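mind looking at a prediction? Sequence and model below.
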Amino acid sequence: MSVTNVTVIDHPLVQHKLTLMRSTEASSSTFRTLLREISHLLAYEVTRDLPLQNIEIETPLTKTQAPVLSGKKLCLVSILRAGNGLLEGILDLIPSARVGHIGLYRDPDTLEAVEYYYKMPSELDQRLVIVVDPMLATANSSIAAVTRLKEGGANNMRFVCLLAAPEGIEAFQKAHPDVPIYTAAVDDHLNDHSYIVPGLGDAGDRIYGTR
């Protein structure tokens with residue numbers, strides 16, 4: 001379903017796997033596996049309208065015109081570190097994609113995003129850029145990442161996350177109304193520590209087994 005530039009990918013398999021990920025009983029290994037599987041399904045939806053062009057190929061029976069992706073290879077941008085969990089699954093489906101990384105951490109006092117790393121492919125202005133981060137909570141990091149990418153020339157972007165909070169969606173859309181959001185679920189609210197509720201905890205910690 002799509003509402004105000006937000007697409008909730010409510011496929012039964014996505015929702016089933018997400019429920020398993022939310023559980024405190026899911027080990028880091030299980031969490032990573034489920035995230036990779038969900039990434040495949042999210043990638044399928046976010047790329048369903050990629051442009052195609054016909055080329056001539058030869059099958060075992062005859063020559064024919066058949067569609068392939070057209071234009072510059074798209075770019076996947078991971079917001080470190082948790083974004084890598086989504087990135088790896090999407091790369092399974094689109095191995096030819098270019099990859100960029102942006103490192104941001106949340107200042108514990110101000111909750112503002114602080115950049116510590118930025119590395120991107122060339123010609124962002126000619127590529128579809130898919131930005132990935134499992135959680136859209138306050139949206140401070142996501143807003144900062146998209147702002148930085150726009151400064152680098154990106155003009156066609158989509159943001160993909162596992163979970164979003166209403167507060168994060170509102171803030172992100174206010175800052176970047178031109179960037180659609182794709183998510184597996186919109187949860188209830190943020191708590192006093194800016195964690196998504198009911199959520200699944202800190203995605204990075206659960207992916208990598210850290211605290």
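Yes, it's here.

please count neighbours and contacts with C-alpha atoms only from this point.
Noted.

next SSE downstream of the worst-scoring helix or strand of the chain on mean pLDDT?
One helix or strand of the chain scores below all others by mean pLDDT, DSSP states H and E: strand 2-3, with a mean of 48. Once strand 2-3 ends, the next helix or strand along the chain (criterion: DSSP states H and E) is strand 6-8.

gap between that next one and the chain center?
12 Å (Cα atoms, centre = their mean, to the nearest Å).

elements contacting that strand?
Counting contacts by 3 or more Cα pairs under 8 Å, 6 or more residues apart in numbering; DSSP states H and E, strand 6-8 packs against strand 181-186.

could you rerun that using 10 Å?
helix 28-46, strand 157-164, strand 181-186 (3 or more Cα pairs under 10 Å, 6 or more residues apart in numbering; DSSP states H and E).

which one of those lies nearest to residue 201?
The closest of the helices and strands packed on strand 6-8 to residue 201 is strand 157-164. By Cα to Cα, the value is 10.8 Å.

what pairs with the closest one, and is each one parallel or antiparallel?
Strand 157-164 sits in its sheet next to strand 129-132 (parallel), strand 135-136 (parallel), strand 181-186 (parallel), going by DSSP bridges.

hmm, who's touching the second one?
By Cα atoms under 10 Å, 6 or more residues apart in numbering, the list of residues contacting strand 135-136 from outside reads 82-83, 141-143, 159-169, 171-172, 181, 183, 186, 195-196, 199-204.

now restrict these to buried residues only.
Among the contacts of strand 135-136, the ones that count as buried by 16 or more other Cα atoms under 10 Å are 82-83, 141-143, 159-169, 171-172, 181, 183, 186, 195-196, 199-201, 203-204.

ok, residue 197 touching residue 187?
Yes: counting by Cα atoms under 10 Å, residue 187 is a contact partner of residue 197 at 6.3 Å.

any common contacting residues for those two?
Shared contacts of residue 197 and residue 187 (Cα under 10 Å, 6+ apart): 137, 163-165.
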